[in-house]
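A.B. asks: starting from these lines, generate the structure:
(2 chains)
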Number of protein chains: 2
Amino acid sequence: MAEQQGRTVQGVNPRSGEKVGEPVPETTAAQLAEMLAAAAAAAAPFGGSPPAVRIGLLNALAGRLDEQVTALSDLAAQESGLPLPRLTGEVARTSGQLRLFASVVADGGYLEVITDSADPAAVPPRPALRRWLEPLGPVLIFGASNFPFAFSVLGGDTASALASGCPVVVKAHPSHPGLSAELDRLARQAVLDAGLPPGVFGMVFGDQPGVDALRDPRVKAAGFTGSTAGGRFLFDIAASRPAPIPFYGELGSINPAIITPAAVAARGAEIAAGFAGSMTLGTGQFCTKPGLLFLPAGHGLDGALRDAVGAVGPAPLLSERIRGQLSAGLAQLSARGDVEELQGGTAVPAAGSWAAPELFRTTAAAVAGDPASVTQEHFGPASVVVEYAGAADLLAALATVEGSLTATVHAEPGDGFDLPAVLARLREIAGRVIWNGWPTGVAVTWSMNHGGPWPSTTSAGHTSVGATAIRRWLRPVCYQDLPDELVPEGLRDANPWRLPRRADGAPE
Amino acid sequence: MAEQQGRTVQGVNPRSGEKVGEPVPETTAAQLAEMLAAAAAAAAPFGGSPPAVRIGLLNALAGRLDEQVTALSDLAAQESGLPLPRLTGEVARTSGQLRLFASVVADGGYLEVITDSADPAAVPPRPALRRWLEPLGPVLIFGASNFPFAFSVLGGDTASALASGCPVVVKAHPSHPGLSAELDRLARQAVLDAGLPPGVFGMVFGDQPGVDALRDPRVKAAGFTGSTAGGRFLFDIAASRPAPIPFYGELGSINPAIITPAAVAARGAEIAAGFAGSMTLGTGQFCTKPGLLFLPAGHGLDGALRDAVGAVGPAPLLSERIRGQLSAGLAQLSARGDVEELQGGTAVPAAGSWAAPELFRTTAAAVAGDPASVTQEHFGPASVVVEYAGAADLLAALATVEGSLTATVHAEPGDGFDLPAVLARLREIAGRVIWNGWPTGVAVTWSMNHGGPWPSTTSAGHTSVGATAIRRWLRPVCYQDLPDELVPEGLRDANPWRLPRRADGAPE
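C.D. replies: Sure thing, here's the model as predicted:
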């Protein structure tokens, strides 16, 4: 474990480039060791706590977020450069997410209780079995910068892990250290007030302490939202541990949107405006930003697209690092002879880390021939229009598009286009397929899937948003022939937690 | 891809060391490329097939296994050295497993259908969402040697993957190439007879072609049952691919059994006999063999254990490689000054790969001080008695025991021993906790869990036996606002597959 004596994390206002608040000290090795010991010690009592305890904690966290929405949003606005209304809305989304997981715990179906009664006459005799899911133990969550509430300290990863009964250690994102420290205090107080062991929640500041935590044998799983490069780096660490752990990373996603000729004819201008709004939402810093817009050749929307994108002014990106990465990626894209700029970026303020929307154009044949730098995510307000000659041409280009969180289709009723073939490809590569809408905006519901094949996530089998996100932090345990009084409370015959159960093969 | 021109896999009879049948050629690079292309081409039609198609295939495979039980068991006996009655029983278990997965498909709950209706009044407006699980695509299964039917070509991994709608490519275990080739023919014929694309089932012979297949981007997940070293090697390959894939490996498991003083007093002789039977079952080549027997100091069972273990004669191990690994592991164990041999191995035939049961003895304090070579699996008929002075001493030793498929407790009603603390530790490290029984024998049921923390598996969140094993080969896909006629058939409003569904948060 590498000691990082005296290092700090400093918040910066992306609008001005000026420092925000005091620097936050990085977590020392001694502090990390203490935090992980506390998390490990909390695993059994918290993991075995009855549903009411976790429901109470989740609702208390939601209530405190809502109470402090003004102060927290103000601080988040300073550190992230995101507009205040967006941030107050995000707090509401985040508290709603905590409450959704409280209702998931109350429902109990997520525990997947399955029992089989003994059959002494079977060959070989069948024992009595009771199986359900139990929490994995301490979970390490890497907060994201682009949603300082909904995908960070008390975001979906933390909410689902706490709901499952796993203690959580959050690695604070360096882009909002002040907000993270504030949310850390809020969470620790809620844990104490709930009468839970303090190890139920902890926070790590600093990249190296975060890596040290990921390597620690007491950490049993990790969640992450961020870049493909950062996620791959951490995924490799998790996979190469002496005892590997699951690493649920949400990385880069290109989110193709396919517009059929009939859709262009019916509502081309509306589509151009909707697309421009979606690709520039949050200064293009949504995981679900549509990065590729497939339009039929001769679509006639150049002017509408230019106008709609050009009408969106520059805005600050979350950090200087993100601005640098966007510039480098777009330089690669522009360097291709078969990619042209449809709408160039306008002038941006010199201070801070601003960017203006940019729109590029190429052809499906060019993408099919060489997808490099076109089909990879450019995080920020930049997308590429891909013009296709027909369904075959479109499908050849889509064959080069890798895993994505979303894929969108705009079409018309009775559309003559080859929709079944297009949809077949889209469900192969995407976790969510959207019809006549836009991918930004992820409803927090029971059915939502926010996941997809690599590189959009490290684990296509799971989601980081929606009720089923809790499944990532659980593992099955089966009890064979144990006396009723010795199995965990929730599994007892009398079903004191009123859990839905499957018994002898059929739902009860 | 490394070409292995002209190499073959030769079956050997472990009873005699003599060759069995003709050598089977290794899969060439061209054959592998063709097989994987066929598997990829089969993924969409097979993955989208209605339940009846997969139910039919699974039941047909089960029927053919049962029809050919005599010939197949004979061949398996020659290549594995396992007794014929055990193998005929294993065929029945394997066909039963295929039929269980047919009933899982018929039940439909495994698809986890969740829908949310639109709410235009919500802020932001909520779209209509339908979410379920879809197959990952071609799956690579590494067959095991110790269960040539139940954990090999048509074993639980293959049955669950086919049930999910994933095409399967099996890497044949080199210990039973003749049987594998026979089962390959059986499976391919069943696929053709079902009218399915031939790519639904394929088989790879040879270690390097197996690794080449694991690296191929068309393979979307892998299953494995085998040694910790072999599983780690393959896990690392799967994790380090440009696009990593899930690798569900069942590796080494020590399966501790804890006997309380009251249990010794009540039925010590019975316990000694039961333990000896369990640890020598299948010549100790069960994943769930109890490798550690914790007994209270002064248990007085030395004679009973010696007699029971000594009464079990030598038997052939599955291969010369396994005999070599067992010898090397036991040499390390014996070299410890604090480990003594309680019952030594008797003489074995010179030809073939025979072994006689061996039982060692040490103390809980010795294990707590240095668990090396005691708490690691020795695959074969060898176990270690660990004598403990009291509950604290026992718990200190158990703290060094890593993840295990099973953990067993023998105790008595009203036992004064600290059972809650012992059980709390056991559920932390094991996937199945057994009361007053033995871990060998894994019932194939809805509730069974055959999994556990590392190193017993690579993925504690999943099982390789029981109905829920199907979850490994699936990923969620969510459809937003799609017209009813364009969503996959099973998700349509009319529910033509009669799937259990959760709608707007509540089971329908």
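A.B. asks: end to end, how far does stretch A:61-79 reach?
C.D. replies: Stretch A:61-79 has an end-to-end distance of 22 Å (C-alpha to C-alpha, to the nearest Å).
A.B. asks: ok, and for that stretch, which residues are buried?
C.D. replies: In terms of neighbour count (16 or more other C-beta atoms under 10 Å in any protein chain shown), stretch A:61-79 has its buried residues at A:61-62, A:64-66, A:69, A:72-73, A:75-79. In this view, the C-beta of every residue, glycine as well, is placed from N, C-alpha and C.
A.B. asks: most widely separated two among those?
C.D. replies: Spanning the widest gap among these are A:62 and A:78, at 23.5 Å by C-beta to C-beta.
A.B. asks: identify, from the buried residues of stretch A:61-79, the entry nearest to residue B:317.
C.D. replies: Closest to residue B:317, out of all of those and judged by C-beta to C-beta, is residue A:61, at 55.8 Å.
A.B. asks: which residues sit in contact with the closest one?
C.D. replies: Residue A:61 makes contacts with A:95, A:98, A:154, A:159, A:162, A:186, A:187, A:190, as judged by C-beta atoms under 8 Å, 6 or more residues apart in numbering or on different chains.
A.B. asks: tell me how far the third one lies from chain B.
C.D. replies: Here residue A:154 is placed at a distance of 20 Å from chain B (C-beta to the nearest C-beta, to the nearest Å).
A.B. asks: list phi and psi for that residue.
C.D. replies: Dihedral pair for residue A:154: phi -110, psi 30, per degrees, to the nearest 10.
A.B. asks: give me the neighbour count for it.
C.D. replies: 31 (other C-beta atoms under 10 Å in any protein chain shown).
A.B. asks: correct me, but it touches residue A:63?
C.D. replies: No. Distance between residue A:154 and residue A:63: 11.9 Å, which falls outside the contact criterion (C-beta atoms under 8 Å).
A.B. asks: for the one helix or strand residue A:270 maps to, give the mean pLDDT please.
C.D. replies: Using DSSP states H and E, residue A:270 falls within helix A:261-280. Per-residue pLDDT values over helix A:261-280 give a mean of 98.
A.B. asks: what are the buried residues along that helix?
C.D. replies: Neighbour counts over helix A:261-280 (16+ other C-beta under 10 Å) mark A:261-264, A:267-268, A:271-276, A:278-280 as buried.
A.B. asks: likewise stretch A:385-396?
C.D. replies: Across stretch A:385-396, burial judged by 16+ other C-beta under 10 Å covers A:385, A:386, A:387, A:388, A:391, A:393, A:394, A:395.
A.B. asks: right, and the secondary structure at the second one would be what?
C.D. replies: Classification of residue A:386 using DSSP: H, G, I helix; E, B strand; the rest coil returns strand.
A.B. asks: let's verify the closest residue in space to it that isn't next to it in sequence: helix, strand, or coil?
C.D. replies: Nearest-residue entry for residue A:386: residue A:294, 4.9 Å, with adjacent residues in sequence omitted and distances by C-beta to C-beta, 6 or more residues apart in numbering or on different chains. Here residue A:294 is strand, with the state taken from three-state DSSP.
A.B. asks: gap between residue A:294 and residue B:74?
C.D. replies: Using C-beta to C-beta, to the nearest Å, one gets 59 Å for the distance from residue A:294 to residue B:74.
A.B. asks: kindly report the residues of the stretch 301-450 of chain A close to chain B.
C.D. replies: A:402-403, A:413, A:419-420, A:423-424, A:427-428, A:430-437, A:441, A:443, A:445-449 (C-beta under 8 Å from any C-beta of the partner chain).
A.B. asks: what does the stretch 51-200 of chain A have sitting close to chain B?
C.D. replies: Contact residues (C-beta under 8 Å from any C-beta) of the stretch 51-200 of chain A with chain B: A:103, A:107, A:109, A:112, A:114-116, A:124, A:126-127, A:129-131, A:134, A:136-137.
A.B. asks: who does the least confident helix or strand in chain A by mean pLDDT pair up with?
C.D. replies: When the helices and strands of chain A are scored by mean pLDDT, DSSP states H and E, strand A:506-507 comes last with a mean of 93. Partners of strand A:506-507 in the sheet, by DSSP bridges, are strand A:501-503 (antiparallel).
A.B. asks: got the contact list for the strand it pairs with?
C.D. replies: Residues outside strand A:501-503 that contact it (C-beta under 8 Å, 6+ apart): A:113, A:114, A:115, A:116, A:117, A:495, A:507, A:508, B:109, B:446, B:447.
A.B. asks: which among those residues count as buried?
C.D. replies: By 16+ other C-beta under 10 Å, the contacts of strand A:501-503 give A:113, A:114, A:115, A:116, B:109, B:446, B:447 as buried.
A.B. asks: now tabulate those in JSON lines and tack on pLDDT and distance to residue A:352.
C.D. replies: What follows is the buried ones among the contacts of strand A:501-503, written out as JSON lines (pLDDT from 0 to 100; distance: C-beta to C-beta, whole Å):
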{"residue": "A:113", "pLDDT": "98", "distance to residue A:352": "53"}
{"residue": "A:114", "pLDDT": "98", "distance to residue A:352": "55"}
{"residue": "A:115", "pLDDT": "98", "distance to residue A:352": "59"}
{"residue": "A:116", "pLDDT": "97", "distance to residue A:352": "62"}
{"residue": "B:109", "pLDDT": "97", "distance to residue A:352": "53"}
{"residue": "B:446", "pLDDT": "97", "distance to residue A:352": "58"}
{"residue": "B:447", "pLDDT": "97", "distance to residue A:352": "58"}
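A.B. asks: look up phi and psi at the nearest residue in space to residue A:477 that is not next to it in sequence.
C.D. replies: Spatial nearest neighbour of residue A:477, chain neighbours left out: residue A:134 (4.9 Å); criterion: C-beta to C-beta, 6+ apart. The phi and psi torsions at residue A:134 (degrees, to the nearest 10) take the values phi -130, psi 150.
A.B. asks: measure residue A:134 to residue B:426 for me?
C.D. replies: 12 Å.
A.B. asks: ditto for residue A:475
C.D. replies: Counting by C-beta to C-beta, the gap from residue A:475 to residue B:426 is 14 Å.
A.B. asks: quick one: furthest residue from the center of chain A?
C.D. replies: residue A:121 (49.7 Å; C-alpha atoms, centre = their mean).
A.B. asks: for residue A:305, which three-state class applies?
C.D. replies: Classification of residue A:305 by three-state DSSP places it in helix.
A.B. asks: hmm, it is touching residue A:384, no?
C.D. replies: No. Under the criterion of C-beta under 8 Å, residue A:305 makes no contact with residue A:384, lying 11.5 Å away.
A.B. asks: overlap in contacts of the two?
C.D. replies: Common neighbours of residue A:305 and residue A:384 (criterion: C-beta under 8 Å, 6+ apart): residue A:359.
A.B. asks: gap between the lengthiest helix in chain A and the chain center?
C.D. replies: Counting by DSSP state H, the longest helix found in chain A is helix A:84-107. Centroid displacement of helix A:84-107 relative to its chain, using C-alpha atoms, centre = their mean, to the nearest Å, is 14 Å.
A.B. asks: buried residues, that helix. List them.
C.D. replies: A:87-95, A:97-102, A:104-105, A:107.
A.B. asks: in the sheet, who's paired with residue A:480?
C.D. replies: Per DSSP bridges, the residues bridged to residue A:480 are residue A:129, residue B:434.
A.B. asks: next, the distance between the ends of stretch A:201-220.
C.D. replies: 15 Å.
A.B. asks: cool, stretch A:371-384 as well?
C.D. replies: End-to-end distance for stretch A:371-384, by C-alpha to C-alpha: 12 Å.
A.B. asks: quick one: which of the buried residues of stretch A:61-79 sit in helices?
C.D. replies: Judged by DSSP H, helices contain the following of those: A:61-62, A:64-66, A:69, A:72-73, A:75-79.
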